[in-house]
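1. Provide a 3D model corresponding to the input given below.
(chains A, B, C and D)
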2 protein chains.
Amino acid sequence: MTRKRFDDLGCSVACALNEVGDWWSLLVIKQAMLGTRRFVDFQSGLGIAKNILCDRLSRLVDNGVMTRVNVGEHGTRYEYRLTDKGRDLFAVVVALRQWSERWNGNRDDMQLVARATGEAIAPLVVQSADGEALTVRDVLFVDENGQPLERAG
Amino acid sequence: MTRKRFDDLGCSVACALNEVGDWWSLLVIKQAMLGTRRFVDFQSGLGIAKNILCDRLSRLVDNGVMTRVNVGEHGTRYEYRLTDKGRDLFAVVVALRQWSERWNGNRDDMQLVARATGEAIAPLVVQSADGEALTVRDVLFVDENGQPLERAG
DNA sequence: GGAAAAGGTTGCATCAAGAAACCAAATACA
DNA sequence: TGTATTTGGTTTCTTGATGCAACCTTTTCC
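-> Got it, this is the predicted structure:
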């Protein structure tokens, strides 16, 4: 059967997962944030099969997350770069990193620091409009009429 | 071939994706954050096949993201609830929601507001230790010795 | 000009996803 | 109390995705 479409579920999260929700896409994006631009570097850096990498890169390009630019002097030699839309996934990548480090321990061989200070970046916090920290218990899902739906416990 | 393992890639993001990185898991978690606890409610709320839902729920339970509690009076009637680890994925879900709304428009039929004020929550911002907003260009990936790796452009 | 690298494509074997049918235990209901 | 329905789940089958290896064309290096 065809893979289920997620963009008609009436949910932004589903819509996002439709674009970057598969096993490899976010890792490709993270690798791009790390500085990788060439096909072979993505391949060796991630250990991904070439046909899968082809498929993911072109899908990311189709969705406007990355662009393919021709850098060959006499023809076809490509670089894949993040667009603004792709770079804006930084918060998602950081959120996943921090969650994994908190609950699974740091299995990472690299760390993320601020360029200016060299210090580790701060934990992401969901905040209200006036700056209060919010957990999932402090929020409400409301429909378009402002009517609240049930909430997690 | 067996699906590639992501937890031995030496990357926290890969490790996180190994637990919640497939198409359905994050949607199940988001649904749980919305208040859903029963098997049938997940099923009808997401339109997911029962065998897939079974598999995802038990995998999430195995990974400590959710718990299965028996609420039957004389036997087996289950509820699936988020653990602290699961609730801590809130920032990831919010990051994905906000990204999707920014770049794909709001296709959501519901909104996320602070329970106390009723106002929409603030956009997530990656910050340095002293509170400066950071983009992907403002950070450095360093290895365990503090040596910087390349970075995105 | 020759060799190697870059960027794919194709074919094949295996695994997961999706739909529907089926099932046992536990409630609801008359 | 007896029956119908709900709940939670398994099984079967078909289709799609994944991983690997081989091959291929253009481009760059020397």
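
2. Would you mind stating the distance between A:K85 and A:I29?
-> According to CB to CB, to the nearest Å, A:K85 and A:I29 sit 10 Å apart. All C-beta atoms are positioned from the backbone trio N, CA, C, and that covers glycine.

3. which neighbours do those two share?
-> Residues touching both A:K85 and A:I29 (CB atoms under 8 Å, 6 or more residues apart in numbering or on different chains) are A:V65.

4. the more surrounded of those two?
-> More crowded of A:K85 and A:I29, by other CB atoms under 10 Å in any protein chain shown: A:I29, with 24 against 17.

5. Tell me which residues touch that one, please.
-> A:I29 makes contacts with A:V20, A:L60, A:V65, A:M66, A:L82, A:G86, A:L89, A:V93, as judged by CB under 8 Å, 6+ apart.

6. Point me to the helix or strand that includes it.
-> Assigned by DSSP states H and E, A:I29 belongs to helix A:25-33.

7. pull the CA atoms of that helix into PDB?
-> The C-alpha coordinates for helix A:25-33 follow below in PDB (Å, rounded to 0.1, in the frame of the first residue of the first chain):
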ATOM      1  CA  SER A  25      16.100  13.200   6.500                       C
ATOM      2  CA  LEU A  26      16.800  14.900   9.800                       C
ATOM      3  CA  LEU A  27      20.300  13.200  10.000                       C
ATOM      4  CA  VAL A  28      21.100  14.600   6.500                       C
ATOM      5  CA  ILE A  29      20.000  18.000   7.700                       C
ATOM      6  CA  LYS A  30      22.100  17.700  10.900                       C
ATOM      7  CA  GLN A  31      25.000  16.700   8.800                       C
ATOM      8  CA  ALA A  32      24.500  19.700   6.600                       C
ATOM      9  CA  MET A  33      24.400  21.900   9.700                       C
END
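
8. does DNA strand C sit close to it?
-> No. For a cut-off given as CB under 7 Å from any atom of the strand, helix A:25-33 has no contacts with DNA strand C; the smallest distance is 12.4 Å.

9. Could you confirm whether that helix reaches DNA strand D?
-> No. Judged by CB under 7 Å from any atom of the strand, helix A:25-33 makes no contact with DNA strand D; its nearest approach is 9.1 Å.

10. pretty sure A:L149 is touching B:L34, no?
-> Yes. Applying CB atoms under 8 Å as the test, A:L149 and B:L34 come out as touching, 6.2 Å apart.

11. Neighbour count: these two, which is higher?
-> For A:L149 versus B:L34, neighbours defined as other CB under 10 Å are more numerous around B:L34 (18 against 12).

12. doesn't A:L140 make contact with that one?
-> No. The pair B:L34 / A:L140 is not scored as a contact, 10.1 Å apart, by CB under 8 Å.

13. Which members of the contacts of A:I29 are positioned in helices?
-> A:V20, A:L60, A:G86, A:V93 (DSSP state H).

14. Looking at the residues you listed, which is nearest chain B?
-> Lowest distance from chain B to those (CB to the nearest CB) belongs to A:V93, with 6.0 Å.

15. Measure how buried A:G35 is and give me the count.
-> Neighbours around A:G35, by other CB under 10 Å: 15.

16. Could you pull up phi and psi at it?
-> Here is the backbone geometry of A:G35 (degrees, to the nearest 10): phi 120, psi -10.

17. And the helices in chain A?
-> Going by DSSP H, chain A shows helices at A:12-20, A:25-33, A:39-46, A:50-62, A:84-87, A:90-104.

18. Wait, A:I52 touches A:S25, no?
-> No. With contact defined as CB under 8 Å, A:I52 and A:S25 do not form a contacting pair (10.4 Å).

19. For these two, indicate the residue with more neighbours.
-> Ranked by neighbour count (other CB under 10 Å), A:I52 and A:S25 place A:S25 first, with 23 against 16.
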